[in-house]
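A.B. asks: can't give you the sequence, but here's the structure:
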């Protein structure tokens, strides 16, 4: 069979005319997150500057409120203080001005709300745990906020197949606890697990720490119940591993960020709880050695490998400085967190021992430590999981979530450092090596439009030149919507627009998100 | 968190009026396959009886043929003898009367062909290896056959990430051989691997023997290149594990059976080749014990379990009688094939030994044999893989591919036997226990409309009453299209119709397939 390499055109060259994505004066504040988390002290400016003009949706009237109070009695919130936390995102980087938050408990209530809003031409922002990082889960103007927080019932769990069916508002961590009691785990795990909802996870196609082992939600989600913009309930809530009766419609809604329908229930395939978990923290001299270690470990740990994460020495400095977390090993340019999950502690220990011996004797790693106890496992994981928190203490942070061929991921950090020179306080890289997913963060003492102009579009062009993705797992939301053409050709974006028009002809669902402005 | 069980309405009750699905006089021959495979001797009758009337597509003219000969010189086949094998399906159960077979080599050629056919209103049947079981890959009338057979180049393979990108016409087995030389395997494996094309696998969302371990193509396919009905090339051929830039458009085409676009290239994530493979063949007294053995084996074999398949004693009789394959163990009502794939032969052997000891001492299994050598592994696998072939020697076979909650899958076989009484020669059950997928086959000395009328709609109603799927992995194609309402609510089918209309407004792509007649 002949083998050849085809060169694909860079999508970065594929911009339609009149797009506004390079107008940094409109979008500069969207790389920024503030210093404090979860406090109301440091209020963000309204996000309107980067949003398109308000679309001609109706404005809420007293009659509308009366209707909502009839449908969800006591659960139509209009008190501005109570609305505050739903109007602002987790990073406190964007803010809307919604006047009403609805908290339905049933699919039927969601259906009635959407049917009404569609007929009245009222825009709606679906909201789960509001932990997104791209401004996708808060209103931009006065959209009605439709929260799934009270839709938190587990519907069924089949302990033979491991298939869980639950309402969309179940908090990920609660589902994990429920399953662990039954000897299963969720196929995904995120830092935000204590707040995020499974419906939001599915709507944003959340990746997280277990993707390397259990794959994406496109594979593990078996069924969805979705309420469409006109209030119609689409029941694709099959709890079957296989179903080839026609188009797999639920896939459309996985990763559509609430723009095509409101997910009200989820059916998901859950793996057995591993009987043995080990975590290793290693140091490497070069990124090349880190990649070689990855290859070695995939071969020697094989089926028990469940995570291969990395951080650079800049991240370690942030953890030391801002969170007082000591380096568990000696100083190195690169660090790796490896997790194994298996069914036999003795076998897993032996595999790990053999791998570590080989990695040390071949000088791929220079230092390391192993944890098998829960508390030490958590301590080692925190070196990876708390980087985001450490970054918030380092000034304004310009955040990027890039997917690249795995061998290129650190080159972008190096090139960015060289490109920015002394303009940034710090350029740090960490992320999911196993998935080719780099989290690149650039800090600065204060907001710095000149710095942002140096970062963008440089970073997007660099990514597009490697056929990478400008959003690996965070989605596009409000902040990244206009950069879509760096990763998707214009035909694909146009098709997205057609799908949106088919499912939500009035465009009431999560407007200003995911789709670029030039489609409107 | 409160837990409750919701009762879903059976989709079987959800039939729109005027559907023709229960008109067995129109569809009776579609449960049937003939006795011989791969020979031209036993020609099937034309499939027209069960097809809707020919839609008003244009008929091929000399000008059309001249155009095709310009686009694909020497590769526009019109010789009826050469066309024969492309007009008839693998089971020789349906047949079309196409007058031209086109064999493009490039995406650009496919694009030109479709652009032309769309403008001329000529219907097109895309065809891969033509190994489908539901009549989806052959024309019904005179549709142009568009074969991917000459699009068989591997484009790239990344040995770090395991991501393979290739043209759609690559034969699955060739890809497997290519990867095995590089220490990887394909994430799917099928009996038809020697003929089927990866593009066809993706178009039909093929399941197969490795789904239990590596998941469905919705998770492992990372990118697709698709030519739309109007000739537009949709490039979603990302070779990234993560990409959350907007809707995951490629998912639409996975399992759409060529009705929404022609897949021309595939990017797929491939697992490492296991260093150790074991196969066990066991006997159980009851199906309940077989299920308990499955639970035990999931716990004790954990991450190395790669298949859990079953057959009943009726299957064993067929293998003995028609293929002279001897039973490798003593006679039992049920047999199980378990495969393990792992990275450490010693560990895998120990896990398997412990599992077998427990299974035998707890009397879950009554007899068994283990294979670690290639030839014996193949011999044991043939007891499962050759059942389809054995069935073809047992008379006319009514074939069903049902997805059910795993604990119900054999109940359908038992109920069917009781329901049919002496009317069938044999009612046999086998399939993928791990995936809840039953292959139910009913044989008869000859075509028997009365028998078929006893089987259908009984089998579909039974399946719908358990919220099962009437096509687990085979798809709907021509044969099952009108039964879709047993597994999908009418809103979902209507949405399928809208998607079809959006992507293929003239309906030229694989007409009479997948979508039920009442949508036309």
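C.D. replies: Structure received. Computed from a prediction, not measured in an experiment: that's the story for all the values here.
A.B. asks: give me the residue from chain A nearest chain B.
C.D. replies: Nearest to chain B in chain A, going by Cβ to the nearest Cβ, is residue A:219, at a distance of 2.2 Å. Any C-beta I mention is one placed from the backbone N, CA and C, and that applies to glycine too.
A.B. asks: ok, that residue - contacts?
C.D. replies: Residue A:219 makes contact with B:215-216, B:218-220 under the criterion Cβ atoms under 8 Å, 6 or more residues apart in numbering or on different chains.
A.B. asks: following element in sequence after the lowest-mean-pLDDT helix or strand in chain A, please.
C.D. replies: One helix or strand of chain A scores below all others by mean pLDDT, DSSP states H and E: helix A:24-27, with a mean of 30. Toward the C-terminal end, the helix or strand that comes next after helix A:24-27 (DSSP states H and E) is helix A:62-71.
A.B. asks: isn't residue A:170 up against residue A:149?
C.D. replies: No. Residue A:170 is beyond contact range of residue A:149, at 10.1 Å (criterion: Cβ atoms under 8 Å).
A.B. asks: of those two, who's got more company?
C.D. replies: residue A:170 (25 against 19; other Cβ atoms under 10 Å in any protein chain shown).
A.B. asks: residue A:372 contacts residue A:278, doesn't it?
C.D. replies: Yes. When contacts are counted by Cβ under 8 Å, residue A:372 is listed as touching residue A:278 (5.3 Å).
A.B. asks: just say helix, strand or coil for residue A:339.
C.D. replies: Following DSSP: H, G, I helix; E, B strand; the rest coil, we place residue A:339 in the strand state.
A.B. asks: and it, what is it in contact with?
C.D. replies: Here residue A:339 is in contact with A:209, A:277-280, A:305-307, A:381 (Cβ under 8 Å, 6+ apart).
A.B. asks: next, format the residues you listed as TSV and append neighbour count.
C.D. replies: What follows is these, written out as TSV (neighbours: other Cβ atoms under 10 Å in any protein chain shown):
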residue	neighbour count
A:209	22
A:277	18
A:278	23
A:279	25
A:280	22
A:305	26
A:306	25
A:307	24
A:381	19
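A.B. asks: in strands only, show me these.
C.D. replies: Counting by DSSP state E, these place A:277-280, A:305-307 in strands.
A.B. asks: returning to what we had before: show the buried residues in the contacts of residue A:219.
C.D. replies: B:215-216, B:218-220 (16 or more other Cβ atoms under 10 Å in any protein chain shown).
A.B. asks: average pLDDT for stretch A:99-115?
C.D. replies: Across stretch A:99-115, the average pLDDT comes to 98.
A.B. asks: kindly check the end-to-end length of it for me.
C.D. replies: One end of stretch A:99-115 to the other measures 19 Å (Cα to Cα, to the nearest Å).
A.B. asks: picking that back up, now the contacts of residue A:219 as TSV including distance to residue A:114?
C.D. replies: Output for those, formatted as TSV (distance: Cβ to Cβ, whole Å):
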residue	distance to residue A:114
B:215	32
B:216	30
B:218	27
B:219	30
B:220	34
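A.B. asks: could you chop chain A up by domain?
C.D. replies: Taking automatic domain parsing as the criterion, chain A consists of the domains A:37-149+A:503-519, A:154-269, A:276-388.
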